[in-house]
Each structure stands twice: as structure tokens, then as C-alpha cells.
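K.L.:
what follows is a predicted protein model with its sequence.
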Amino acid sequence: MFFTITLYISLAIFGLGLIYKVSTWFRYTVGVDARDVPPPQRVLAFVKGLTLTLFSPRILTLLKVFVLDVLLQIKVLQQDFLKWAMHMCMYYGFTLLLLMHGLDKIVTSALFPNYYPTVNPFLFLRNLFGILIIVGIGIAIYRRFILRVARLRTSPMDVYAIIILAIIMISGFLLEGTKITSYSKFQDMVEEYTIQADEEELRTLEAYWVAKYGVVSPEVKAPFDAETLEAGQEAHEMSCVECHSRPQWGFTGYTLAKITKPAALLLDRANASSILWYIHFLACFIGLAYLPFSKMFHIFTTPLSLLANAVMEKGKSDPANIATRQLLELDACMHCGTCSVQCRVGVVFEAMHNANILPSEKIPSVKALVAGKKLNGEEIRNIQEGLHLCTNCFRCTVVCPAGINLQELWFNVRETLLEKGEPEFLVLSPLSLYRGLMKESLELNYYPDPINLALETIYPTGIPLEMQDRTSPLVPSANGWSSTLHTSVQAKTFSQCFSCVTCTNACPVVRNYPNPIEFVGMLPHQIMHAAGMGLWDLIFSSKMLWDCLGCYQCQEHCPQSVRVADVLYELKNMAITQARKKLVKQIER
Amino acid sequence: MNFVLLRCCTTPIVLKQYEWSTNAVMEKLGIGLLDVPELGCCGYPLRNISFKAHVLATARNLALSEKENLDLLTVCNCCYGTMKYVDNLMKEDASIRNEVNTTLAKEGLRYEGDIKARHILQVLYEDIGIEAIKEKVVQTFDGLKIATHYGCRILRPSKVAQFDKPYSPSKFDELVEVTGAKSIDWSTKLECCGSPLWGINNELSLDLTENKLRDAKQSGADYLCVACSYCQIQFDIVQKILLSQRGIGAKLPSILYPQLLGLSLGIDGKTLGLAENQVSISEIEWFLLHKQAS
């Protein structure tokens, strides 16, 4: 009764969770492409796309991907054998155990009319599949907690998945072990199946089971003489053998039975097998109910993502379907961390300590964003910075075992976030090259806004130097910056500047304008001079910093060995640092 | 002779032909290239924002290459300049060296400075040499005029780059002329291509690019030739945008040096990815065919 009620409750939660999760794929939007398409139209587009694909030659592509990437997981094998071994153990162990053991009444009994969980091959296979999962869990723990691969981060969700699976497996094996030794179970069975036996027969049967089947009896003790065992075997063959293979075939449970043998009678009296049975099925039901909300959801979503990505392409597929796929992809990520381990800028995390730099950690942030979770300015800026700290090298997309088109996702979310109006300084770095290249294909009407916003945030007064009243204050606005500036070797060299203007004359940016001061605020030699005088507000108001190519003409030409370009780079870093501080102060206020 | 090859972040997607042609040419010249999958961003695009991040990214690549006991080869000026800069910095500043190595130690890495950062032009000119390349040339270009674009970071700052004379370089020109083409004189030869500002200040970036393209064209060039990922993106993909926005007066296709040399070495245009270029360079083969016919 309790079993049935909890089963139906967990099934109901699972079902509702599934419906809820799938509905988000059509209700939410990622990025700019399909945000104006209403959910019903998204569903229609999906049905249409699916039908067209299934009745086209692309079905062959789907089949190929299903075999290679879903069933064999070749992509994972190519990257890391240990990870592949781990996942194959868990994947096949879990699936087969679920089908043969968890759903035995539905699947196994239908296929094999003579099915009993206690006869071979089922007894042996259950243990084999179970041990596969245990090996998988072992490798997972080894990789995450002992091997400690750089930048492979473990989230509470990963720990939950390992724990719930471990509870199910360990309780299952212990249950099997205690059932083997249980005297009360033996008695129950005897009562049920040996109706016509007399006292003597039952005594020999018990002796036989104690000797051969691992039962621990308070009544009879080994050793037994050959006659007793022979008689016991006869009774056994009459009543038991049809449904019971030797327990040794259930090698894990049997080993546990042997280990717990000294305490077996105590365990039996405490009704341990019954308790373990409750733990076992309740853990399974909790796992089932929570599945749509946990990382285990990937058993459904990852194959879908692999299949969808195999037949979809930006520009060719319906943008509504791409949007739907991107939402599905967010659920298909199982946080394996492959992308973060291989990310070409992953190491930057060690210098900037923003977890959103790592692709695998961006996914939960993006999930929060698309779900409309309330985030404050700093949280948004952190996500935004992580998304922008990307060279668009596509490596994450190439290596993702779930086939998620991560790069496309980043680009899409980046653009939506930029529209939200939080300043992002990385748009002022060459990482913007990709955005520039994509501009033509996207026709973004807000294209220059983020650049201007970043500049305005950096300018101490919010406006560029060329638009300011150009009288300098008598007292330099040092703001304590001079002390930090002197930390680097190259920055010290600006004090050697005697304003000969050679750097400015060599600068191709300056040369590009008839009246450069109107465009760049301060010229390179003026910046060097201002640095010497500690006029930081002037320098940070100067657009020249951000129009510097880093071509090193100035530095090469300088007769005074001022490392002009290096100084400009350092000034850019400083300008950003002070702008960041300003933003944090705004929040505090 | 073997090198670890640092593939620029831009090449796998937008500049595949640079990888293909480099692989083909280096194989022909007997140079082994080792791919180390852990290699990351060279650090160049990070410098505007975080000095520390940029040093760390570069040092990590150097350390990975040092682990293989091979010099680190790049096909990009920006990668090269950044690697040379950080290599110098790590050697002259003990506190930065220690800080970086402490962080790298988390991955079991450490940079001692026992290897060199190398640019493909440097390896071709210094390690293989003009004469040795000449011996392998099977067909030469006839009457082809090339505007050789050095790019910034292979020349400047010269104290760091240590490739050629910063005001009057000749090594790249010699490499171009090995193929039989003529490397012409043009006044903005040593200027920046404009790429560092693409995406930040597009108008200024286009101004600088257009200026160079016009100058090269007016100086009689048939093609630009470059050996840098960023320069090629600028002169090829961005040039296409430039042409659509500002008219085609400045049109001048750009060929990657390994593509140019590869053709001379008898490698076919498909292997060199000639068709991948956005501003078509397929007609350059005409200069070769013409020669063979006559």
C-alpha cells in the first residue's frame, strides 16, 4: 500500500516536472532571434520541423548520431578514456538495471515468462549491472575529488546525483545480502512453498540452505553430515530449486552476506531487510520525482540535443526552432566540465576569479537569466563579463559531449544582455572582433551603444575630454592612483618623457584625423606628460586610450625609451579598475 | 626540426586556410608540428582589460610548450608579440615569474624560460633559410607584384620582437621574392592593418585599412601578402565589409604567405584553401600557369 502510494506520488511529480520543464523550452527565449515568436507558434514550428526531418534523408543522419554519439558516445571516448569508461558503466548499468530489475513486472516478465529475480541469468545480471554502476560512481568520485582536474568544478547538483545513485545501489546490495542470510525470510518461504513436508524434511532442508545458500539459522549449525545434506538436497529439489539459483551468482549480495554473517541474526531480528527495502525503493522514488529538476534529466535531454544539433543549422533552420533548441540545450548540460577544462581562456579564471568565465558555469547563470530570475547589477555584470571573456574559438562547442552549440548560445545571450544596459568593458578589447564580424549579418541597430556605455562609465565625469571644459585643476586629482601605477617596470618609464611629440607624430591614429584632439581627447605625448603630473581624471577621460592600436610605433620611435604603448595598456587597465570601483560604490549607495 | 604549434583562436573557424596551408608548407619543408590540445588563448586580447590575465594565459602556453621541450611556433603577429613580451617579462621580473608559476603549479605547470616563442616567418628565414626554400621551389610567379605587409608585433617593439630591422626590414620581402614575385615599395608598408580596433571603433579601423589598401594598390600591387591571423582577417573578411560600405575603389585581395609559398612549392590550391578567402585570390594561379605555358 505504502509502496503503491509513494510510487504514484513520485510518478505524478515526475510527470508534472517533465511537462513543466518541456514547456519552458517553448515558453522561454534565449537571445534576440525568436523572442517575438509566441509559444504556440514555437510548438507548431517544432512539429513541422520534426515531421520534415523524419520524412527526409536526414533521418539517416539522426540514426548515425544515435548509434555513434548516444549509444557509443564516441565523442567522449575520443577525449578521455576514463571519463568514457565511467559514463558507459553508469549509463548501461543504470539503463539495463532499470529495465530488467526496476521494471521487471512490466518488461522482464513479459519477455521471459519464467522470470524470477532469484534465478539465473537474472540474479547474476542484476549484480553485474549493479557493480557496473558502482564502478562508475567510483570513477566519478575519483575524477572529481581525487584527480582534481584543473577547473573541473563540482556543484551541489553533481554531489546530489552521486549520492542518490550511491544510496540506491548500496541499499539494494545490502538488501540482497540480508535477504540471503535472513532466517525469517527462509521460514516465510518454507511456510509458503513446502506444504507437505514433515519435521525431518524441513530440518534437512534448513541444513542444506545453511550449508549451500548462506542462511544463518539460530537452530542448526554447520558442519553437517553427508546424509543430512543429501536429504536436504532432495527436499530442496522438490520445492525450491526452480526459483532459486545458488546465491553465489549474486556475487555482490553474497559477498555482503558473508561479511555481515556474524551479525546476521541480529540484523534479521531488527528486520533489517525490511528497512533496507524501504530505503531502497524510497530512494528510487525520490530520484524519480526529482529527476526532471536534477542533472539526471540529461538522460532524456542530452540525446535530444545531440540529435537536434546534428540536423539543425543557423541560417537554414527556423529561428523559432533554434530558440527552442537552445532552451533544450540548457537542460541537456550535465555539468561534466569538459568545456571548462578545455576552454582556451579558462585559465583567466585564475586571474579574475569570476566563475562565469568557465563555460560549464555560464550555463546555470544563463538558466537563471532566461527563467527571469531577479538579478542585481553586479550579478548581471559578472555573467556578462563571463560571456564576453570568450575568443569565439568554438572549442567548447566542438568538445561538448552533449552536442550543445555553446558558442552560438554565448553570442546570443551576450547580445540580449548588452541591451539590458549594464556596462561591459570587454567590448573595448580585441575580443570584440567577433562581434564586429557578426554585425553585418545581424544588423544590430544598438551596435554602438555598449561601446559608448563602457566609455561613458570609464570617463570619470561621464563625458569625454573633448567635450569638457579644458581648464585643469591646480591640485591633481590623484585619487591614490600614483602608488599603484609604479608597480610595473614599463609604467615607470613615462617620467622620462620630455614631450618631444615624436610618439604623437608616429601614431597612425593621430595621423588619421585632421584635428585629432577633437576625436581622441589627448595625444600620446600629452598622456605621458599628464601621467607624470598625476592628472588621472584627464587621462581616463581621454578616448585615445581606447583608440590605441597597440602597434608600438610610438614606443619604437621614442628617443627617451619611454614604453609608450606599454604605458597606455597599463592606463587602460587602471581606467577599468577605477570604473569598476565606481560601479560597486553605486551599489553600496 | 619540430615545434609545438599554437593555433590562433581565430583560425579554426574563420581562417581554416591558414591552418591548412601552414600544415602543408611545413610538411613539404620537413618541419614537424606538434598539436598540444591544452594550449589556450595567447593572451593578446586580454591585455586591454587585465594585465594579469594576459600574462597568465601566455605563460601557460609557454609552459605547456616547455613541457614538450620544443619551441612554441605561432602564425600570428599578435600571438608572437604577446609571447615575446611575456617571455621577457618573466625573465626580468622575478615577482611576476613567481606569482605566475605559483598559479600554474595548480595545473602541474611551470615556466623556466628554456624555450623560445617563434613566428613562422622567423622559422622559414632563420631556421630553414632562403637558399633551402629556393631549392624546393618548383614553379615561380612571373610578373606578380606583392605588397608585403609585415604587421606590427613582429617588428615592434624591436627590443622584444627581435626579428628584423624595425624601420627597414627585408626578411619578409626576401621570403616573398623566393616565389619569383616582386615585393614592391609602398609608403604605409610598416603601418598597422587596423584590426585591433575592429569591433571597438569600426570607422577608425576601416579608415586605417582603407588607407593601406589604397596605398598598396596605387603603388602597383596585385596582392597583399601577410603572415598574421588578425591582419588577414582585416585585409580579407573586413575588407569585404569595407568594400560593401565604402565602394570598391580600394579592392586588393590578400594572400597568406603559406598560400603564396605553397603554390611555389607545387602544393595544389585546394590543399592551400585558396577558395576559402573572402576576397578572391584564385586568379593568382594565373601568374603561375602563365609561366608554365611560356
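P.N.:
Happy to help now that I have it.

K.L.:
number of nearby residues for B:C231?
P.N.:
28 (other Cβ atoms under 10 Å in any protein chain shown). For every residue, glycine as well, the C-beta is placed using N, CA and C.

K.L.:
so who does the closest residue in space to A:C284 that isn't next to it in sequence touch?
P.N.:
Leaving aside its sequence neighbours, A:C284 sits nearest to A:I168 (Cβ to Cβ, 6 or more residues apart in numbering or on different chains; 5.7 Å). A:I168 is in contact with A:H280, A:A283, A:C284, A:G287, counting by Cβ atoms under 8 Å, 6 or more residues apart in numbering or on different chains.

K.L.:
can you spell out which helices and strands pack onto the one helix or strand the first one maps to?
P.N.:
The secondary structure element spanning A:H280 is helix A:272-290 (assigned by DSSP states H and E). In terms of contact count using 3 or more Cβ pairs under 8 Å, 6 or more residues apart in numbering or on different chains; DSSP states H and E, helix A:272-290 is assigned the packing partners helix A:2-27, helix A:156-181.

K.L.:
for that helix, C-alpha coordinates in PDB please.
P.N.:
What follows is helix A:272-290, C-alpha atoms only, in PDB (Å, rounded to 0.1, in the frame of the first residue of the first chain):
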ATOM      1  CA  ALA A 272      17.000  -5.100   8.500                       C
ATOM      2  CA  SER A 273      15.900  -6.400   5.100                       C
ATOM      3  CA  SER A 274      12.500  -4.700   5.500                       C
ATOM      4  CA  ILE A 275      14.200  -1.400   6.500                       C
ATOM      5  CA  LEU A 276      16.600  -1.600   3.600                       C
ATOM      6  CA  TRP A 277      13.800  -2.300   1.200                       C
ATOM      7  CA  TYR A 278      12.100   0.900   2.300                       C
ATOM      8  CA  ILE A 279      15.300   2.800   1.900                       C
ATOM      9  CA  HIS A 280      15.900   1.300  -1.500                       C
ATOM     10  CA  PHE A 281      12.500   2.000  -3.100                       C
ATOM     11  CA  LEU A 282      12.100   5.400  -1.400                       C
ATOM     12  CA  ALA A 283      15.500   6.500  -2.700                       C
ATOM     13  CA  CYS A 284      14.400   5.300  -6.200                       C
ATOM     14  CA  PHE A 285      11.200   7.200  -5.900                       C
ATOM     15  CA  ILE A 286      12.900  10.400  -4.700                       C
ATOM     16  CA  GLY A 287      15.300  10.000  -7.600                       C
ATOM     17  CA  LEU A 288      12.400   9.600 -10.000                       C
ATOM     18  CA  ALA A 289      10.400  12.600  -8.600                       C
ATOM     19  CA  TYR A 290      13.300  14.900  -8.600                       C
END
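
K.L.:
and it, what's buried?
P.N.:
Neighbour counts over helix A:272-290 (16 or more other Cβ atoms under 10 Å in any protein chain shown) mark A:272-273, A:276-277, A:279-290 as buried.

K.L.:
on that earlier part again, in CSV, list the contacts of A:I168 along with distance to A:I383.
P.N.:
Rendered in CSV, the data for the contacts of A:I168 read as follows (distance: Cβ to Cβ, whole Å):
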residue, distance to A:I383
A:H280, 41
A:A283, 35
A:C284, 36
A:G287, 31
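
K.L.:
just name the closest of those residues to chain B, please.
P.N.:
Distances from chain B to those, taken as Cβ to the nearest Cβ, are shortest for A:G287 (34.7 Å).

K.L.:
how is the chain divided into domains?
P.N.:
Just so you know, I chose chain A. A:346-457, A:476-588 (automatic domain parsing).

K.L.:
you answered for a different chain; I wanted chain B.
P.N.:
Split by automatic domain parsing, chain B gives B:2-120, B:131-293.

K.L.:
can you name the residues of the stretch 451-589 of chain A sitting close to chain B?
P.N.:
For the stretch 451-589 of chain A, the contact set with chain B under Cβ under 8 Å from any Cβ of the partner chain comprises A:451, A:488-489, A:508-509, A:512, A:546-547, A:549-553, A:555-556, A:563, A:565, A:569-570, A:572-573, A:576.

K.L.:
weed out the non-buried ones from the residues you listed.
P.N.:
Neighbour-count burial (16+ other Cβ under 10 Å) applied to these gives A:451, A:488, A:508-509, A:512, A:546-547, A:549-553, A:555-556, A:563, A:565, A:569-570, A:572-573, A:576.

K.L.:
and after the helix or strand of chain A with the lowest mean pLDDT, which helix or strand comes next?
P.N.:
Lowest on mean pLDDT, DSSP states H and E among the helices and strands of chain A sits helix A:481-485, with a mean of 54. Following helix A:481-485 in sequence order, the next helix or strand is helix A:502-506 (DSSP H and E).

K.L.:
list of residues touching that next one?
P.N.:
By Cβ under 8 Å, 6+ apart, the list of residues contacting helix A:502-506 reads A:510, A:523-526, A:528, A:553-559, A:562, A:564.

K.L.:
let's see it at 6 Å
P.N.:
A:V510, A:L523, A:P524, A:H525, A:Q553, A:C554, A:H557, A:C558, A:V564 (Cβ atoms under 6 Å, 6 or more residues apart in numbering or on different chains).
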